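In: heads up, no residue letters with this:
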């Protein structure tokens, strides 16, 4: 009657609630248990270029969300101007990483030209009422998780995490979003 079953299909057992891990690490472990730990210690140069471009896209999206009123503004030219300004600032702030990853300034600018219309379309198509915060840590000792969603937004009066994935869709991305 008062028995709680913990197995592959029922409940979770958090053994060390004082050790918190991120949803991305949990989701990476679904594919390979060692990969989650190894990826925090080893970086390969083959993925450096893709990572640098992903970071560029991520930062542009985050800054666009922080400037939601201007990007959603009634003036289309002001919206595009703000997005181009954000892109230029992010390229400048990420210049060392881009250079070290073999990405030229021209390639970074070309990347943003392809990406800005998608950001603007997404922002106009989704009912985000406002941004609460960006990159803020959230903790759940009950589940043994710590996370840092890209953006925390208000949608239909509720506060919810928003995680941006800039590459191909992977099952681990779905698992990470589920854990949020």
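Out: Now that the structure is in, tell me what you want to look at. None of the values given here were measured: they were computed from a predicted structure.

In: immediately after the top helix by length along the chain, which helix or strand?
Out: For the chain, the helix reaching the highest residue count under DSSP state H is reported as helix 105-125. Downstream of helix 105-125, the first helix or strand assigned by DSSP states H and E is strand 128-134.

In: mean confidence for the helix or strand following that following strand?
Out: Along the chain past strand 128-134, the next helix or strand (assigned with DSSP H and E) turns out to be strand 138-140. Strand 138-140 shows a mean pLDDT of 83 in the predicted model.

In: So which other helices or strands are in contact with strand 138-140?
Out: strand 145-147 (3 or more CB pairs under 8 Å, 6 or more residues apart in numbering; DSSP states H and E). Any C-beta I mention is one placed from the backbone N, CA and C, and that applies to glycine too.

In: ok now the strand it packs on, how far from the chain's centre?
Out: Chain-centre distance of strand 145-147: 14 Å, with CA atoms, centre = their mean, to the nearest Å.

In: what's in contact with that strand?
Out: Strand 145-147 is touched from outside by 20, 21, 22, 23, 26, 137, 138, 139, 140, 161, 179, 180, with contacts defined as CB atoms under 8 Å, 6 or more residues apart in numbering.

In: The same query, at a cut-off of 7 Å, please.
Out: 20, 21, 22, 23, 137, 138, 139, 179, 180 (CB atoms under 7 Å, 6 or more residues apart in numbering).

In: For residue 82, which residues are in contact?
Out: 67, 70, 71.

In: The same query, at a cut-off of 8 Å, please.
Out: 64, 67, 70, 71, 73.

In: hey, where'd the helices end up in this structure?
Out: With DSSP H as the criterion, the chain has helices spanning 23-31, 33-41, 48-66, 68-72, 76-93, 95-100, 105-125, 171-179.

In: Ok, which of the ones you listed comes nearest residue 153?
Out: Evaluated with CB to CB, those place helix 48-66 nearest to residue 153, the distance being 7.3 Å.

In: What is the neighbour count of residue 59?
Out: 19 (other CB atoms under 10 Å).

In: I figured it hits residue 93, correct?
Out: Yes: between residue 59 and residue 93 there is a contact under CB atoms under 8 Å: 7.3 Å.

In: What average pLDDT does the longest helix of the chain get?
Out: Helix 105-125 comes out at a mean pLDDT of 90.

In: between it and strand 128-134, how big is the angle?
Out: Orientation of helix 105-125 against strand 128-134 (axes from the mean of the first three to the mean of the last three CA atoms, to 10 degrees) gives an angle of 130 degrees.

In: In terms of secondary structure, what does helix 105-125 contact?
Out: With 3+ CB pairs under 8 Å, 6+ apart as the test, helix 105-125 has helix 48-66, helix 68-72, helix 76-93, helix 95-100 packed against it.

In: Alright, that wraps it up for me.
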